[in-house]
Structure formats: structure tokens, C-alpha cells
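Visitor: mind looking at a prediction? Sequence and model below.
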Amino acid sequence: MSKALNEGLRRALEDDPKVLIMGEDVGRLGGVFRVTDGLQKDFGEQRVFNTPLAESGIVGTAVGLALRGYRPVCEIQFDGFVYPAYDQIVSQVAKIHYRSHGRVRLPIVIRIPYGGGIGAVEHHSESPEAYFVHTPGLKVVTCSNPVDAYWMIQQAIRSDDPVIFFEPKSRYWEKAEVDTAATLEQAYPLFASRVVRRVPADRPAQATLIAYGPTVRTALQAAQVAADEGRELEVIDLRSLSPLDLAPVYDSVRRTGRAIVVHEAVRTGGLGAEIASRVTEECFYSLEAPVLRVTGFDIPYPPARLEEEFLPTLDRVLEAVDRAEKW
Amino acid sequence: MTRMREFALPDLGEGLTEGEIIKWLVAEGDMVELNQPIVEVETAKAAVEIPAKWAGRVVRIHHPEGATVLVGTPIIVIDTQPDAGDPEPGADGDSTASSVASGSPSTGAGESAGAERISVLVGYGPRTEAPARRRRVAEQPTVESATPAPSTLDGPAPAASASPAAPSGPATPSGPPLAKPPVRKLARELGVDLRTVIGTGPGGTITRDDVYAAARAASQPELSTGPEFSTDVAPRPSTVAVFGPNREHRIPVRGVRKLIAQNMVASAFTAPHVTEFLTVDVTRSMRALARLREHPDWQGVRLSPLLFVAKAVLLAIRRHPMVNSTWSAETDEIIVKEYVNLGIAAATPRGLIVPNIKDAGRLSLRELADALNALVAAAKEGRTAPADMTGGTFTITNIGVFGIDAGTPILPPGEAAILAFGAVRPTPWVHKGKVRVRDVTTLALSFDHRIIDGELGSLFLRDVGAFLSDPEATLLAWG
Amino acid sequence: MLDGQAAPHGGALDPPTAPASAGHETGDSEFVQLLTPEGKRLTHPEYDVEFTDEELRGLYRDMVVVRRLDAEGTALQRQGELALWASLLGQEAAQVGSGRALRPQDMVFPSYREHGVLYCRGIDPIKPFGLFRGVEHGGLDPHEYKFNLYTIVVGAQALHATGYAMGVALDGKVGGDDGEAVIAYFGDGASAQGDVNEAFVWASVFQAPVVFFCQNNQYAISTPVERQTRRPLVHRAAGFGFPGVRVDGNDVLACYAVTRRALDEARHGQGPCLIEACTYRMAAHTTSDDPTRYRSASEVEAWQARDPILRLRRYLADAGLADDAFFAEVDAEAARQAVDLRERVLAMPDPAPLEMFDHVYAGGSPDLAAQREDFARYLAGFAPESGHGAETTGGGPRR
């Protein structure tokens, strides 16, 4: 996925001279996850540059650059370091289009590696997406696999709205075939969810798993094991967290009667609650069980030795499916 | 422009609700210019001077120095056209805002604004009236896709709005059944398969009443033993199966159904079943039943041939107790029981249940009738107690309600014999040497051949037939 | 200094010693001044500009009009027509002086008090009033007017200005007389904000063509500047690696001169500069504030004597560049503009309720569109009330 993002950024830089890449260590180092590897060499220091170590500065100056007509792609080095920039993001980036009555557009992309499962120290494994989904004026997306990564980063850069682009760092080294010959216009829409495991209509399906980012793989693995046990689960990758595209989720839940949301982020106030509320409202007459959530616990992210207990696993997902069936 | 302008105390600092008038800088009758300071007011945040909003002559000052007034209270009236002659009578003080009670005490300033919302710019001023709700007109009919019925959603769905989905009457379910969670729970408890129920709720959703109706409908025909019991019962379609797009309908086997099946298999393939048939002229029983119905002691009691069959069985068991027994494989014993827990087989949507009447052999005919009726009623309503469904020793199954003559019933596990009796039909019969039309039925007795041999089974069956063909004489003969 | 006590400020401003002779005098380069409070014209070795008579009269007119319009804002708030007003009373010279130094191609990033700079850009003075009346959040197109929207989060605009200036440099619009410069306005309180300091870092390491114009009006609401800094703010610049200059913020000529130089250097590619304009916030922080709680009448009086308009008037009169007729005409003109402004503010329409859903996203959002539809349906379900429309929800301004 890291390479897919790199290629996607490269395409974006080629397609539009106004695209800039800015962040800490994105230049010669190529980013701590190598996502911007080689880009400064090929596109120059004016367009791909290291910033001072100042997250608020990164986003604040990006606002000015965007006002000037550029399309800045900011990198926040780690999820836990986005908070100094949070004020610029929610008070300015999110609101300027609204404040200016539509006269000012801020086509800023803020890339943030997020999520855990990499054995890191404190502040390097956060899942802060809810803070941004809760902010009108921002669009929030997350890729779960290299193919999506390649296309979604380009689409986000093309968007005239500010986009918070969450990259699951535990999946940076996942590999997949990406057809780079296709065009952006042919790509799957940015703000759409996708059914990544569909159960044929002539077979019964027991539950719908709803996931995004790093937990999509977990959900797919859980579904694989469930199939071996004789239970068929549908899996949906949300991809877009704001706006949410839940129509495929509703269709699936109307069929299965059971929905389980899986996310690494903390449970209380997490996106699972929002999705549960909407699914309940839209699919009330179809529900065999309440919408369940498999999430991180309501604790600060634990030390790495405990993170596998904290993060949703295949077993926890299947346990939730078991519970859902007993209702 | 309105001539008399009334100025109300504004919110001077983002959410203030009142102010105290410190000093008037003008008096009634003075001429003032636009923005000329006219009053000093102290609020919780600051002491401020308020400039005149209009030029003209001060006509009225409403509140004296020292008064505390609520935001939104009119405090001064300015005549903006002082050269235009005397103001109209009664125009004084009632211009743009609602009427003001002049000279009212300062603390009552709020009420003078009347029930109407007080006009202020920022903050909403004090509320002086009781909370009330704005009047709503009838809900616009939700015709288009804005609020779709739950079963027809498409695209990133609009949020479900406050108004429910358009009522569209019962619809044949085209997908999984729609029912809210409490209704699903009810259906499970009553043994109703939602897939077989047609919903009459909005958008084809299944309501509680739909579930109750399905439960009642399912249990009624099988246990109809009253006047409805007749050979004229019309063939009717059984409950609807809903086929999927591949034209198949899959029903998971779970719970009670599964258990029943298991028991049936256990019974069928453990006890060697033999069935014997006897066709009987039951005209006398039918006539006796009719006479009972007229009897004053039996008024209001539901009577059906099942009662006589039950009585016949009970009397026959007394004469052939071996029929009321159990083959105990664990102990290599046949356990013959003196007590007769008489089971009546009932087919319900939950499956076959066989509630039994405990110690039926000791009941009088009347007691037996009551017990049967109670059993039937309970089964119809789905409230048969679990205790009533265990411990049976002999079972009667009424297949006559289906208009069927005879069958080869399967023994309930643990029982040695089961009697099926069929429809009572007017049939040509040889009666006293002549061919007459008589009420005729067929009895079928299946029995466990390990316990009951052909002779015993035959004797038992003949006794039952004997009672039914002449109940009064048989009763007298058997004592 | 203890809280709550108003005391003379260490950082303020001893007027430079001026030899007692008529005509132009030399000023103290530590604190650039070209016009004393008494109206005497000074010279300065580094910063000076030759003003024509017409220009001088023009600066006077600008300040008088700006003050008059600002007073109208305060009056309108007191009359319940604005939710709030942030007055610039006392800061006219800093804003008009710097504002008139701008070239058309320069870009302004204000805070929320720069109505004087806005006026000098030729922008309709009604523009900020929508914000303060509560009918909108913005009011103008930054690109059209080369003037950004008022930014209420303190100091945030310093970064925006810096980023914009970085964009100017990327565009290659730096290096000649036609180069573009950016000016960021903020106050003494903002100088403590992380964002402002980060902006200093970025502007210096990227050599961005941005002038940081700090109006040190001595107070951040009730907090005196001593709580924001131990040394005069101008000294920050050296720490970050760019020049700083301190100017008498009530001297319109000096403010003009200093700003023009800073902008010219920036537009020629010499990077950022910090201007500390020492002035005084004569009115309250906003109309919700009561300054009598934290500063003394005598302090305000002392600054009254340094009034920016008064000193220029004195100079113009003494130098024979303007007479009473002129001053009267200027007052009348200011009054006329104020009345016109008032009428237009009173005529501002309230936004319709459903408008609040507009412009959240450039590309729209289906979720939000659905919410809007639901709300529209909800509103349509109310019986029309007399005197209100079906649109009116509870609360909000009423005539």
C-alpha cells in the first residue's frame, strides 16, 4: 500500500502542477513510511518539501497556500501528532468554505497514518477519525488495501473539499495488483462504500460485518473462518467515513438481520455508535438482533505488548456473530 | 415610516437578560438627534450609554431611574415626525411593538409585553409566557421516495424522518419478513414462522395482531372438535410458502420442530409398529351425543365425538391394561401403568403437540368432557403448560377433522398404543339385515408389537368399537 | 504589576525627546515617529516619506471617516441592531497608515478589528457588518478584494498569511516592484499564540514575503501586554531571524512609512518583517466588555492626549494645509457615509433557515442533503403564524 500511495501521489503531481506535498521528513527521507519516497527528487524541492516541526503550521500554511490556488497534500507524521493541528483543521480548514459562503475553496488533503498493530510506543497507534467525522465541512476517507489506496489518494487530491485521508499503517506493507493503466474516471467513487464479500442471493447470509481501514482484513478473515463453519457473512468496507455511504449496508442488513461494526477506535463515541443508530433506524423491521460493535476498549491505547488484546481480532468478531445469533 | 417608534432594551452583551436604568440623559418633550446618548444602563457586564435610534421628540419614558427592566422591554417612545401635528388619540405608546402598560412597576415590566415573543436582537430575551408549541398542520403525505417504505430503500438513503413510512396496506413479502424486534420475539414464543405471515402494517410489516392471528388460525382447524367437526370440512390451502428467486423455500430446522422430528424418528425406528383397522357404525354414539346436548345437566358444555372415543379408550384400557404401558429398554421391563394420562394429538404451527389429561381413567364423563375442552382451548391459544405435555401413556389422534378416514399413526415415544379415528361419514351399512345410511367411522390402532400382540391389539380395538357402536349397552355390560 | 491595577506600561512609550524648535525634528530610531502628538513634523534617518498636501489631507479624511463609521457600529450594537461590535477607536493611524501603504496586488490577512484597513482597500465598509449582525460569517470574496475574511480565532491568520506568501514565492511573484507582498494583522495578545510563533518560524525559513503587523494596543481584553511578553514585542523578530521595527501606532505618517518599506522589502524578496505599532485601544475590547473594570480613567486620558486624528489635524491647521471649512466638510462627509451605512445595515435581510445547509461542502454531501430535506419538511409542517413566515423558527431577530 505504501508504494500504491507513492504511485498515486506521483500521478497527482504529474497531472496538476499546483499539487504540493508538504510535511515532516517527506523530502529526501521520503517519509517515515516511504510513502513520498523519490518524489522530491523527481518533482523538486518547491513542490515536495520538508516543513518545520510544527503541525499547526503545516495545516495553517496549507490554508494560505490553498487560498493562493495550490492543492497542498499535507502529511501528519503519526495519528497521535495531529492534535496540535486540530484547531487549524476544525476552526479553519473545515469552516472556511462555509464562512466564505462558498467563495473560498480549500482543496487540501491531510494524510494521516493511523491505527495500531505495529508494536509502536505511545501516540503512534491512535484512531482519531471520530473527531474529524464529527466536524462538518471535512470529508474523511480511509483505504483498506493497495488498490483503493492508489485511486483514492488521487481522487482526494482532485476533490475541491478538504479531505482527511487516513492510511492504516498496519497495512502499509500489504501487497496487491494495481492496474495503473485505468483512468481516474473509471475508478470506484471516492465517497462510496463497497461490498467486499458478497454472499450470493440464493444462499442465506447470517450477518453483515461493517469495517473500514485496518479492520477490513480482520473482517474478511473472520468471514472466511465462518464460512468453513457453515455460516455466511457479508463484509462491507465503508471507505468513506464522512459522508457515510450506508445504502449497501442497509441492503445487506435487510437480508441478514444482523449487523456488526468493527473498528480499532475506542468504543464510546466511535463511529460504530453512529452506524448502529442509522442501521437501527433504517432497518428496524429487519433486525433479528441489535447492532453490535467490536472495537477498542475505552482506554488509552495500551502498551504494545497488550495491543493484540485491545485490537479487534477474528475471534472477537466471530464471538460477536455468535452473540448476534442467539438473540 | 411609522411615526411613533418605541425602543426596547436590547441585549447589550451576548446573552444578557436585563439591565438597570441608571440615568436618563433626556426628558419627555426633549428633541433628540440620531445616536445622541439618551440613557445610561448597567448590565451584568458593563455600564453603557445607549444612543437614540431615531431623531425626533421624546414622547414617553416608560421606566424611571433605578428600575430594572428585562431585555426586550420598551423603555422610550420617540415621535419621529414631531412637526406633523398632534398624534392621533390612543396612538401614544402603541406603535411597532405590542401594547405597553405605561407606568407599570418596574418588576412587572416583563408581563407588559404580553404573551408574544419579545423582539430582541441577540439572545432571546426573557421568556414571559408559558412554554407552548407552534401549531402544526397535517403532515404532508409522504408520497415520493423521500420516506420510502422500509422494504424499498435505494441509494444513500435519506434519514428516516419523523413521519412513518407511507401506509400502503398489506403487501406480499418479497424478501425477508419485516417485523420489529418485539414482534419477532412474540412470533418465536407463539411458534409462528414469520415467513408465512402476511403483514398488514405499513409497507407490509408484520404487526403483533398479524402474529396473533396467525397463531390462532394455525391452531384452530386441527383441534376443531365442536360442531365444526364434520365430514364437510372443506379442503383449504395450507399456509403460504414464500419462494425465493431460485423458486425454493428453505426452512431452517430448529428448536421444537427439530426435537419433534428426533422423537418421531426415535419412536418410529425403535418400536415395531403394527396398525389394525376397524370400521364401526357409530350412529348410536352420535344419537347419544345429541341427547346429552339436550340434557339440562350438560347445557353449555361443548360435546363432540372425541369425548366418546376417549371414554371408549379409557374403558377398554381397564379391560386390557397392557395397552397402557411402556417398553423400558434400560431396565428390560414393560411398565404397565394403572393411571391413564390420555394424550390428544394436536397439530399446531409449532409442530405436533400432545397435551395429556392426567389420570383420565378416574374422571367422570362430565369431568372428562371438561378436561378435554380445557385441553383443546389451551392448545388453540398456545398456552399449554409444559407439564401437560409430558408423561402421556396413551394417545388419541383425530384425523377426522381433516376429512380423512384412517391412517397409520406413529407412537409417541414411551407409549405402547395410539388410536386414530377418522371422519364420521354417512355411509351405506347393513343394519338389521337391511342396507341403511348410518354414521360410520374407521378406527386405526397402531401399537408397539413388542408389548402388544395381534390378539391383544384386536381385542382392545374391538372393545373400543363396541362402545362406540352401542355406548349405553356396552356401559351396562361392562359395569 | 498586579492584576486589576492599571499602571503605566513599561513597554509604552516615552515620546522621543524633541528639541524645542519649530519645523521638522529628528525622532528616536528606537521608536519611529514622524508626527508628534502635538502635531509637530519630525524626520527620521531611515524611514520617511514625502507626502503631498493632498495625500496628507487624504489621510486625515480617511481617519475621520473610519472613526465615524466605527462609532456607528458601536451605536448600532447599543440599539440592538448588531450582536457585537469590535471597535478600533484609537487605532485609526495604525490601520490607515499601513492600509494606505499597500499596493493593489498585495494581500491582507486581518484579525477582526481591521475595519480601517478594509476601508483603505476600497472595500464597501458594510462588509464586516453582516458578521457582527449575525446574518453571515464572512461577507466578501478574499480573492476579489485581496482581503481575507475576518478570523476570530486569535492568531490563526498569521499562518494563513505565511502560507499564502509561500505560494506567492512559489509563483515567482517576488523580486520586483510589481512583486506581491502579504500583510498579516494581529494584536499583542496574539503574539503569545503558538500559531503566530510558528508563522514566524515558517516565514523566516521559507523567506516568505509577509509583513507581520502587530497592533500593540496594550490589552488583550483585560490582560495588559506585560502578561504577553517581558520585552517589547519587536525584539521577537531578531530571535526568529528577520528584521523588526517599532513605530508610534498613533502616527499615521510613521505607520505609512514603516509599512511601505517593509512591504517593499518583502515584495523584492527580502523576506518577512515584524512591525510593532504601539497604540491604544480607546474603547472596550468589544461591546460586551467593560474596560472600567481593569483600567483607570487617567490612563485613558493620557492616551487621549496622543490621539492620532487630533495630531494630524493640528499639523494640517498649523501648516496651513487645511482650514475649518475643510474640517467641517470632512465631518459632514463622514456623517453622510455613516447614515448611509446605518440604513443599509438596517436593511440587511435575515438568512432563510434552510440556507444554513449551504456551502458546507464544495462537492455536496448526500447525508447533508437528506438532513436538509428532512428539516424542510419539518418547517413546512407548521401553520403560518401572523406576522411571521412559515420560515421563521423560534428566536432570532424580529422587526
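Guide: Sure thing, it's come through. Numbers count the residues shown, from 1 in each chain, chains lettered A, B, ... in the order given.
Visitor: where along the chain do the helices fall?
Guide: In the absence of a named chain, chain A is used. Secondary structure of chain A (DSSP state H): helices located at A:2-15, A:39-43, A:55-67, A:86-87, A:96-99, A:129-133, A:146-158, A:215-228, A:247-256, A:271-282, A:307-310, A:314-325.
Visitor: to clarify, I was referring to chain C.
Guide: C:53-78, C:92-101, C:115-120, C:129-133, C:142-145, C:156-170, C:194-205, C:235-240, C:252-267, C:297-304, C:308-318, C:324-346, C:366-380.
Visitor: for those, which one sits closest to chain A?
Guide: helix C:156-170 (2.5 Å; CB to the nearest CB). Glycine gets a C-beta too; all of them are placed from N, C-alpha and C.
Visitor: show the pLDDT at B:V100.
Guide: B:V100 is assigned a predicted lDDT (pLDDT) of 35.
Visitor: related to what we said a few turns ago, compare the helices of chain C and give me the one nearest A:L246.
Guide: helix C:366-380 (9.0 Å; CB to CB).
Visitor: buried residues of the closest one, list them for me.
Guide: By neighbour count on 16 or more other CB atoms under 10 Å in any protein chain shown, the buried set for helix C:366-380 is C:366-368, C:370, C:372-375, C:377, C:379.
Visitor: residue contacts, the closest residue to A:R47 other than its chain neighbours?
Guide: Once flanking residues are discounted, A:R47 sits nearest to A:L20: 5.4 Å by CB to CB, 6 or more residues apart in numbering or on different chains. Contact analysis of A:L20 by CB atoms under 8 Å, 6 or more residues apart in numbering or on different chains lists A:47-49, A:65, A:70-73, C:170.
Visitor: what do you get if the cut-off is 6 Å, keeping everything else the same?
Guide: Contacts for A:L20 (CB atoms under 6 Å, 6 or more residues apart in numbering or on different chains) come out as A:47, A:70, A:72.
Visitor: enumerate the residues of the stretch 101-250 of chain A near chain C.
Guide: Within the stretch 101-250 of chain A, the positions near chain C by CB under 6 Å from any CB of the partner chain are A:101-105, A:136-137, A:160-161, A:243.
Visitor: go again using 8 Å as the cut-off
Guide: By CB under 8 Å from any CB of the partner chain, the part of the stretch 101-250 of chain A that sits against chain C consists of A:101-105, A:136-137, A:139, A:159-161, A:242-245.
Visitor: one step back: hey, which of the helices of chain A is tucked in deepest?
Guide: helix A:55-67 (a mean of 28; mean count of other CB atoms under 10 Å in any protein chain shown).
Visitor: and it, is it in reach of chain C?
Guide: Yes. Using CB under 8 Å from any CB, helix A:55-67 reaches chain C at A:56-57, A:59-67.
Visitor: can you put those residues in CSV and add pLDDT and distance to C:D124?
Guide: CSV is the format used below for these (pLDDT from 0 to 100; distance: CB to CB, whole Å):
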residue, pLDDT, distance to C:D124
A:S56, 97, 33
A:G57, 96, 33
A:V59, 98, 31
A:G60, 98, 28
A:T61, 98, 30
A:A62, 98, 30
A:V63, 98, 25
A:G64, 98, 25
A:L65, 98, 28
A:A66, 98, 26
A:L67, 98, 21
